[in-house]
Structures are given as C-alpha cells and as structure tokens.
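[1] I need the structure of the sequence given here:
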Amino acid sequence: MISTDSLARIALDLQLGISHQDRFHRLIQSVRSLLHSDASALLRYEGGQFIPLAIDGLMQDVLGRRFALKDHPRMEAIARAGDVVRFPADSNLPDPYDGLIPDHDDFRVHACVGLPLFSDQTLIGALTIDGMNPTQFDGISDEELRLVGALAAAALSNALLLERLARQSSEPLAPSTQNGPGQPEMIGRSPAMDRLRHEIAVVASSELNVLILGETGVGKELIAKAVHQGSPRASAPLVYLNCAALPESVAESELFGHVKGAFTGAIHNRAGKFELADKGTLFLDEIGELSLSLQAKLLRVLQYGDLQRIGDDTPLKVNVRILAATNRDLKQAVVEGQFRSDLYHRLSVFPIHAPALRERPDDTPLLAGYFCERCRVSLGLERLRIQPRALQLLASYDWPGNVRELEHAIHRAAVLARAEQGSQSPALDCHHFNLAAIDAPSSTRIPVEQAVQPMADMGLRTATDAFQFQLIEQTLAAQQGNWAATARALELDGGNLHRLARRLGLK
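    Numbers count the residues shown, from 1 in each chain. Reported below is the predicted structural model:
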C-alpha cells in the first residue's frame, strides 16, 4: 500500500526540480523507489507515437527511440485504455523494452503496468512501470496507481504549458517534434543541441536569410526544415535544391525556369525552383558548389526579387526566403575568388553552426537508439538492440561522417547481425560495426574486400549493394562530403552518383 506521506513527498520533489528534465527524473526515481520497480519511463505522446522524456533502469539508447502506436501493441493499448493497464505476466503482446534492461536479455515474463496521462481529457503521455517479479505490483491498488499517474500528468502538463508559452516568446524550454512516426527529427539533449534549437527558434519567425554551416552528415537539411516549420511561411512550400547535383548546363533552368523553345529539348514552359518557392522558402543545399556565373544571377534575385526564365524577356517577381547550407569554408572561398563576397554577405545574415557529433558525444546513445528503432521497422524485425559494450564503442568513436555515418553504421550492422544470427531479434555487437577498420590509417586499414567478407551469404545483389555503399561512403568521407569531388574520384557522372546514393540509402 502507498502511504499519503509518500505521495506528498513525490509532489514536493516535483516542485524542487530546477528544470523540467530534473523534475521528470525525480518523478520516475520516486516511482521506482515507491513501487520497487526494476524499470520505469515517462513518455510524451505526440503525432501517433510515444517519445521518452526520462527513464530509470533502462538502457540509455531508449531515450532516442520512438514508439509508434502502429508498431507497438502495448503502447497502443495504454494510449487507448483511458485508465490503469495491467498486462498479464504471460501477455502475448511484445514488450517495447524487451532486451533494453541491462543484464536482462529475456524480459518476456514480468509485471508490467501502464498509466496513460491526460490533460483535459487529452492524452499527453504515459508512465510505464516494469518489474521482473510477475507479482510485483499485485499489492498496489488501481486507485493508488491513479494517484501516481495524476502527479505525473500534472508535472507533464505544466511542462507542456510552459513550453507553449516559451515558443510564443521564441525561447524554447524543451525539444519538441512536429513530425509523425517515421519522419526524421533532430535528436539530442546536449548543450550544443540546446543552443542549436534556441538559434532556430530565434531566427525562424523572422524573414532573415540563413546560412547553415557544418560538416557533412550533421543534419543541415533537418535544420532548414525546422526553420521553415517555425516561420510564418510554414503553410507555403519548402523547395529543396542540391546545388552540387546540378550539371552546369541545366543549373540555370532548375533555378529560374525556361520557356518552350529556349534551347534544344525545351519542349514546354517550365517553372524554376524560385517560382515554385514563391511565398515560401527555398533551401539551397551545398551552395558552395554553384558556379560564379550562377552566383551572379542568384544575387540579382536576392537583391531585387525579380527573375527571368531562360528565353523569356518578361521579368517575374517572387517573394522567397533563402536558406542555404554548405560544408565548405565560404569565407576562405571568397578570399580565393571561388565565391562572391556580396552573395556571401547576402546569405549569411544569420549563420547557424550545426555541431559535429564529436562535439556532443553524450547524444550518440540516443541517436543509436533512434536509428535502431527506425531500422527495426524498415527491416521488419521483431526487435533490435545494441549490446552495452557496443553502445560504449559507438560513444567513444569520433564519427568523421557525423550523424549520417552513425545511421549507416547502424543499418549495416543490423543487416550483418540478422544474417549472422538468423534471427528476427538480432543484437548488435562490436564486431558488427568494424569501426577499427574505418578509423585506421590508410596504411593499416582493413581492405574493403575483407570488410565485406561477412556479406558473402547475402546473395550477389545484396553484397554488391553493400560494397557500393561502403565504397561511396568512404570516398565521400575522403572528399570531405563533397559529392562533385566524390563523383570525379569514382569516375561517375554526378547525376548517376546521386541516383545510386539515393537507391542505396546514402541520401
């Protein structure tokens, strides 16, 4: 039985927290102490999925996982229940935490309680409580559990209210996802990510052009999407253009459009990206790869808001906000005469630096969990977990290819582990990542043919894809993320390389 004093102490602890995160941790730690549970989690509900906010007794990568209701029957049962849910110890519904409690690989027979959390009859989250003893919570009544749930719901509701108020003043207190299940999002709780979210919130509501700077693979496109979604133009289109993928012969047409008969092959009128983005936002990725002649024409549109389709003398007016991204040092490019200084100053009104993954190593386990769950769904696996020692290895690695490299490493490891273990519930271990081979100097690096040897049992197509994946990935890293230089190094047409990279999941 839970005493009134215990509940009062929990309520008091929640008032003493200096931040939402601190309050959430105090809450689940109090719940674990009060109910003698082995694991507990506080989750937020948004967009058809539960998002972990605080955990106790679970692997750290759980914080990065997203539990979509359509993929997790237990979570769906909690969301639909409207009251305390006690799952039978022998329930045939798969548990989302199976294999995610340290030193407990088999989690199939246990006590499990779910508390849906409501604010004004709207589902806002859930509190999950697990115990290894199947009868662990039998002595606790539903009414007592409802009181615990009410305290958790009040703490979460207050946090969400303050977050909404903070957004109105462009001061976000906590990360929020506006994406539904399966949609990419920015993952991380490090100070570097807090600063990034703050900068996005500050500039999003303005009309300023934004230059997003950062190494390859840090997620610059996600930043651009977040700026657009937080802007008054959010209901208008966000149009994307990869400047590095544009052959010089078609780049001007892609940007500004053309009229029928303007050149050979122009069989009809075609709107350019600027027209498509009118009243909205145009995201120019890898802006540093644009030729000087195109830079001059782009500058005119930024200065005066008018453009001309190729072959048309009639000017068109457009109202477009520009977000640009590059992994190049544009200041140095200006000095070297490779980038126009006037265009640089037009674009960099508000620069945003996207932190490299090595600048926020504590986020690596969260990202690993996030990609594990996405990979589990895409491969149709029952579960996918990372051994603790492998998680430590990932956290200690430098990740020169940043978040993108980590994502590819998780996916590759999952494919290898599934083939090796012949299981729908593989566990990723250190040898599945082969990070030593990636990180070694060129003189001692393991040959590619040796690295892909475990793929021999996958069939020719799968093994060929895996080889191409690795070769392109390594060449891209060697060229500092420059796709044009990668195409030249691989002796491929740029367009063909981008198509191949998209098919392999590299882009």
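
[2] buried residues, stretch 92-112. List them.
    Residues of stretch 92-112 classed as buried by neighbour count (16 or more other C-beta atoms under 10 Å): 95-101, 104, 107, 110-112. For every residue, glycine as well, the C-beta is placed using N, CA and C.

[3] give me the contacts around it.
    With contacts defined as C-beta atoms under 8 Å, 6 or more residues apart in numbering, stretch 92-112 is touched by 38-39, 41, 57-59, 61-62, 65, 67, 72-75, 77, 86-87, 89-91, 128-138, 382-383, 385, 388, 425, 427.

[4] thinking again about what came up before, point out the least confident one among the buried residues of stretch 92-112.
    Ranked by pLDDT, those bottom out at F107, which scores 58.

[5] hang on, the earlier thing: among the contacts of stretch 92-112, which are in helices?
    Counting by DSSP state H, the contacts of stretch 92-112 place 73-75, 77, 388 in helices.

[6] select only the buried ones of those residues in PyMOL?
    Per 16+ other C-beta under 10 Å, the buried members of these correspond to this PyMOL selection:
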select buried, resi 74+75+77
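
[7] buried ones among the contacts of stretch 92-112?
    Judged by 16+ other C-beta under 10 Å, buried ones among these: 38-39, 41, 57-59, 61-62, 65, 67, 72, 74-75, 77, 87, 91, 128-131, 136-137, 383, 385, 425, 427.

[8] what's the local residue count around the nearest residue to I78 once chain neighbours are set aside?
    Spatially, and ignoring its direct neighbours in sequence, I78 is nearest to G114 (3.6 Å; C-beta to C-beta, 6 or more residues apart in numbering). Per other C-beta atoms under 10 Å, the neighbour tally for G114 reads 23.

[9] strands of the stretch 51-200 of the chain, residue ranges please.
    Using DSSP state E, counting those that start in this stretch, the strands found in the stretch 51-200 of the chain span residues 67-68, 85-87, 111-119, 122-131.

[10] redo these as a markdown table? Include distance to N319.
    Shown next, in a markdown table, are those (distance: least, C-beta to C-beta, whole Å):
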| stretch | distance to N319 |
| --- | --- |
| strand 67-68 | 37 |
| strand 85-87 | 51 |
| strand 111-119 | 39 |
| strand 122-131 | 37 |
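
[11] quick one: closest of those strands to S291.
    Nearest to S291 among those is strand 67-68; the distance by C-beta to C-beta comes to 43.7 Å.

[12] now the closest one, how far from the chain's geometric center?
    Distance, stretch centre to chain centre, for strand 67-68: 14 Å (C-alpha atoms, centre = their mean, to the nearest Å).

[13] that one pairs with which strands, parallel or anti?
    Taking DSSP bridges as the criterion, strand 67-68 forms sheet pairs with strand 49-56 (antiparallel).

[14] mind showing which ranges of the stretch 201-350 of the chain have poor pLDDT?
    261-262, 264 (pLDDT under 70).

[15] returning to what we had before: which one of the buried residues of stretch 92-112 is nearest V415?
    Once C-beta to C-beta is applied, the member of the buried residues of stretch 92-112 that ends up nearest V415 is G99, at 18.4 Å.

[16] what's the closest non-adjacent residue to that closest one?
    R385 (4.1 Å).

[17] flag every buried residue along the helix or strand harbouring A201.
    Using DSSP states H and E, A201 sits within helix 191-204. Under the neighbour-count criterion of 16+ other C-beta under 10 Å, helix 191-204 has 192-194, 196-197, 199-204 buried.

[18] got it, and stretch 487-500?
    Quick answer for stretch 487-500 (16+ other C-beta under 10 Å): 487, 490, 494, 497-498, 500.

[19] swap in stretch 389-403?
    Quick answer for stretch 389-403 (16+ other C-beta under 10 Å): 390-391, 393-394, 397, 399-403.

[20] in helices only, show me those.
    390-391, 393-394, 402-403.

[21] max-length helix in the protein?
    Max-length helix for the chain by DSSP H is helix 142-168.

[22] can you give me the neighbour number for the closest residue to F256 other than its chain neighbours?
    The spatial neighbour of F256 that comes closest, neighbours along the chain excluded (C-beta to C-beta, 6+ apart), is G272 at 4.3 Å. Around G272 there are 23 other residues, counting by other C-beta under 10 Å.

[23] now P116
    Residues near P116, counting by other C-beta under 10 Å, number 21.

[24] which residues does it contact?
    Contact analysis of P116 by C-beta under 8 Å, 6+ apart lists 78-79, 81-83, 85, 123, 125-126, 149.

[25] the same query, at a cut-off of 7 Å, please.
    78-79, 81-82, 123, 126 (C-beta atoms under 7 Å, 6 or more residues apart in numbering).

[26] what's the answer for G369, then?
    G369 neighbours (C-beta under 7 Å, 6+ apart): 61-65.

[27] what's the distance between it and A226?
    21 Å (C-beta to C-beta, to the nearest Å).

[28] cool, L366 as well?
    In terms of C-beta to C-beta, L366 sits 17 Å off from A226.

[29] then P102?
    Counting by C-beta to C-beta - P102 and A226 are separated by 33 Å.

[30] again with H72
    When H72 is compared with A226 (using C-beta to C-beta), they lie 26 Å apart.

[31] also D90?
    Separation of D90 from A226 (C-beta to C-beta): 44 Å.

[32] so G265 lies in a strand, does it not?
    No - counting by DSSP: H, G, I helix; E, B strand; the rest coil, G265 is not part of a strand but coil.

[33] now it: how far from L58?
    According to C-beta to C-beta, G265 and L58 sit 58 Å apart.

[34] from G265, how far out is A245?
    A245 is 19 Å from G265, by C-beta to C-beta.

[35] more neighbours: the two, which one.
    A245 (21 against 8).

[36] pick out the residue closest to the middle of this structure.
    Closest to where the C-alpha atoms of the chain average out (C-alpha atoms, centre = their mean) is E185, at 3.6 Å.

[37] ramachandran angles for that one?
    phi -150, psi 160 (degrees, to the nearest 10).

[38] same deal with D363?
    Torsion angles, degrees, to the nearest 10, at D363: phi -80, psi -10.

[39] and the residue lying closest to it once chain neighbours are set aside, what does it touch?
    Counting by C-beta to C-beta, 6+ apart, G188 is the residue found nearest to D363 once chain neighbours are left out, at 3.8 Å. When contacts are counted by C-beta under 7 Å, 6+ apart, G188 touches 360, 363, 366.

[40] any of the residues you listed buried? List them.
    Taking 16+ other C-beta under 10 Å as the criterion, what is buried in the contacts of G188 is 360, 363, 366.

[41] between those residues, which is nearest N158?
    L366 (24.2 Å).

[42] show me the contacts for that closest one.
    61, 63-64, 187-189.

[43] can you count the residues close to the residue lying closest to it once chain neighbours are set aside?
    Nearest non-adjacent residue to L366, counting by C-beta to C-beta, 6+ apart: G64, 3.3 Å away. Counted by other C-beta under 10 Å, the residues lying close to G64 total 22.

[44] what does L506 give?
    Neighbours around L506, by other C-beta under 10 Å: 18.
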